[in-house]
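Peer 1: here is a sequence together with a model predicted from it:
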Amino acid sequence: MPVYSMTGYASGQNGPVGSQSEADPRPPATGRLGVEIRSVNSRFLDLTFKLPEELRQHEPALRDLIIGRLKRGKVEVRASIESTVQAGVTEPSVKLLQRLNGVQDGIKAWLPGARDLSVADVLRLAGGDGAAVRGDWAADLSEVTSKALDALMSARQREGNRLAKMLEEHLGQLRVLAKQAVPLVPKLVEQQRAKFLERWQDAMGLTGGTLPEAAQDRALTEATAFAIRIDVAEELTRLNSHLDEIERLVKKGGEIGKRLDFLIQELHREANTLGAKSAALELTRIGVDMKVLIEQMREQVQNIE
């Protein structure tokens, strides 16, 4: 399965007026429907709808449609209806003018401060703008939203592929750093053992002779304790195990974002421990480089569904 990002944008529109077939039982739409879908990262699926009054009743159907396709992300859905009726002036009938005048007088009797109807108000109420966007939008809205969702999924997949490639590159760099750290620990233990022996020689005033067996045993005990204290083999083993699991998840794809986020936290914990046990500048540098890479991975993983 592909890896999907939670970041994406897509839009769609219905066809021009008059594009319906004769067999289509739907009443002809008198406007152009547009749908925009934006999504960014979020821990859960958070849906927001911004719909005109004519489409509010269809929000539950839109919600079900989107929930069936998206699992995580903060998603905003905007829809609009643009009139496609040619501009023109509809002359109101005398009967309509009389009715509007009567309604206006009734309203001003109760609300003396209400303003008079303007010519633009009368023309709008005569049916020009109001009639331009009437019609049954249920089927059109579902069709346009589905097309926009298809485009959104394609955009999220393209971004997800980019994130997966970046994660694989960082995994390779972390493996290289882990391999560099492995031979450093025995080298540090041997260096520390030599230092202990040298200190015992200085303390006992033996500059060119051989140390007593008890002194050598004590130096070896101190070196062993030091080796245990700085041993990072367990941390490196766990780190490599987490790297293997992340690689497996990225290749598997699907809904892996939450699992990846947990594994990144574990990687950061192992890198911190490795840095805390560091007894050499080179090992400290490796720990810092690891944490930089892991932090970069954390930022990108938060965008994966």
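Peer 2: Nice, I can see it.
Peer 1: any chance you could map the strands in this protein?
Peer 2: 8-13, 31-40, 45-50, 73-83 (DSSP state E).
Peer 1: make CSV from those strands and add mean pLDDT, mean neighbour count and distance to Trp110 to it.
Peer 2: All C-beta spots, glycine's among them, are computed from the backbone N, C-alpha and C. Formatted as CSV, these follow (pLDDT from 0 to 100; neighbours: other CB atoms under 10 Å; distance: least, CB to CB, whole Å):
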stretch, mean pLDDT, mean neighbour count, distance to Trp110
strand 8-13, 92, 18, 44
strand 31-40, 90, 20, 35
strand 45-50, 94, 14, 34
strand 73-83, 89, 19, 33
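Peer 1: helices along the stretch 51-200 of the chain, start to end?
Peer 2: If DSSP state H, counting those that start in this stretch is used as the criterion, the helices of the stretch 51-200 of the chain fall at 59-67, 94-110, 119-125, 128-132, 138-181, 184-204.
Peer 1: and those: which comes nearest Ala271?
Peer 2: Checking those against Ala271 by CB to CB gives helix 138-181 as the closest, at 8.8 Å.
Peer 1: which neighbouring elements make contact with the closest one?
Peer 2: Other helices and strands packing on helix 138-181, by 3 or more CB pairs under 8 Å, 6 or more residues apart in numbering; DSSP states H and E, are strand 8-13, strand 31-40, helix 59-67, strand 73-83, helix 233-252, helix 257-276, helix 281-301.
Peer 1: who does the shortest one pair up with?
Peer 2: In the sheet containing strand 8-13, its partner strands are strand 31-40 (antiparallel), by DSSP bridges.
Peer 1: strand 73-83 and the strand it pairs with, what's the angle between them?
Peer 2: Taking axes from the mean of the first three to the mean of the last three CA atoms, to 10 degrees, one finds that strand 31-40 is oriented at 160 degrees with respect to strand 73-83.
Peer 1: C-alpha coordinates for strand 31-40, CSV please?
Peer 2: The C-alpha trace of strand 31-40 is given here as CSV (Å, rounded to 0.1, in the frame of the first residue of the first chain):
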residue,chain,number,x,y,z
GLY,A,31,-25.4,27.4,-11.4
ARG,A,32,-21.8,26.1,-11.4
LEU,A,33,-20.9,24.1,-8.3
GLY,A,34,-17.3,24.2,-7.0
VAL,A,35,-15.7,22.2,-4.2
GLU,A,36,-12.3,22.7,-2.5
ILE,A,37,-10.7,20.4,0.0
ARG,A,38,-7.7,21.3,2.1
SER,A,39,-6.0,19.0,4.6
VAL,A,40,-3.1,19.4,7.0
